[in-house]
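Asks: okay, here's the prediction I keep looking at, along with the sequence it came from:
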Amino acid sequence: MITEAMLDSLRIDIQKNMGKHRFAHTLGVEREMRRLAEIYMPQKVEKAAAAGLLHDVTKHFSAQEQIAYCRQNGIIISPEEEAAAQILHAKTAAHYIQKRYPSFCDEELVSAVAKHTTGNREMSLLDTMLYIADFMEEGRTYSSCRELRHMFWSGLPQAADKQLFLKQMLLQAYQFSLEALSRCQAVISPETVLARDALLAELS
């Protein structure tokens, strides 16, 4: 069971390897996860907060270090992932948690961290919450992040089905991400496209 005392210690520890802006973002995601958890899984607020704190725990690795970590630990990566090594921090973080923070090594939490960058065709409630929280946390200033944040918090009170609304917001986050990557001609993970298409089919 994750406690607030454990979270206090975790914040102190992860800050050691994070710059000022990355740590501020991490705390922002933690706050967003707490807000979402109060609505969607009030019995797991601490777990949701921990996922927020740990999602970028290996983001400080360089591209070369991300690839090396994967190879050294038997983490399979695709050519697309190797070409866009910045997205590998989700996979390396999920593995790193099991080594460095075993007291937080919960299957549900690790899954959310592993999927928070590209998404996945199979997203649990916690997976979905972390993807959205990372996208719309209050420190994000991109227009798409501001728009999703407004869409979510203004639309939620009117949502008749809050679970359906969360999936609709996940679909919008996928779309925003794909549009941004396309505009800057960045490598697009096939997993994100497949995840978007699968969710679009489900909601149609």
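Replies: Cool, the structure landed.
Asks: show me what the helix or strand hosting Y174 is packed against.
Replies: Y174 is located in helix 162-183, with elements delineated by DSSP states H and E. Identification of packing neighbours for helix 162-183 by 3 or more CB pairs under 8 Å, 6 or more residues apart in numbering; DSSP states H and E yields helix 20-40, helix 125-136, helix 143-155, helix 190-203. Glycine gets a C-beta too; all of them are placed from N, C-alpha and C.
Asks: change it to 7 Å
Replies: helix 125-136, helix 143-155, helix 190-203 (3 or more CB pairs under 7 Å, 6 or more residues apart in numbering; DSSP states H and E).
Asks: right, and I2 touches K44 too?
Replies: No - under the criterion of CB atoms under 7 Å, I2 makes no contact with K44, lying 8.7 Å away.
Asks: any idea how far the worst-scoring helix or strand of the chain on mean pLDDT is from the middle of the chain?
Replies: Here the helix or strand of the chain ranked lowest by mean pLDDT, DSSP states H and E is helix 79-83, holding a mean of 87. Remark: helix 79-83 is offset 19 Å from the chain centroid, using CA atoms, centre = their mean, to the nearest Å.
Asks: what lies in contact with the next helix-or-strand element following it?
Replies: Going down the chain from helix 79-83, the next helix or strand is helix 89-100, by DSSP H and E. Defining contact as CB atoms under 7 Å, 6 or more residues apart in numbering, one finds that helix 89-100 is touched by 54-59, 61, 66, 69-70, 73, 75, 104-105, 110, 113-118.
Asks: in strands only, show me these.
Replies: With DSSP state E as the criterion, strands contain none of the contacts of helix 89-100.
Asks: mind checking which of those are buried?
Replies: Buried subset of the contacts of helix 89-100 (neighbour count, 16 or more other CB atoms under 10 Å): 54-59, 61, 66, 69-70, 75, 104, 110, 113-118.
Asks: just the CA atoms of the least confident helix or strand of the chain, as CSV, please.
Replies: Provided in CSV are the C-alpha atoms of helix 79-83 (Å, rounded to 0.1, in the frame of the first residue of the first chain):
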residue,chain,number,x,y,z
PRO,A,79,13.2,1.0,-35.4
GLU,A,80,10.7,3.8,-35.0
GLU,A,81,11.4,4.0,-31.2
GLU,A,82,15.2,4.0,-31.8
ALA,A,83,14.8,6.8,-34.3
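Asks: fine by me, thanks again.
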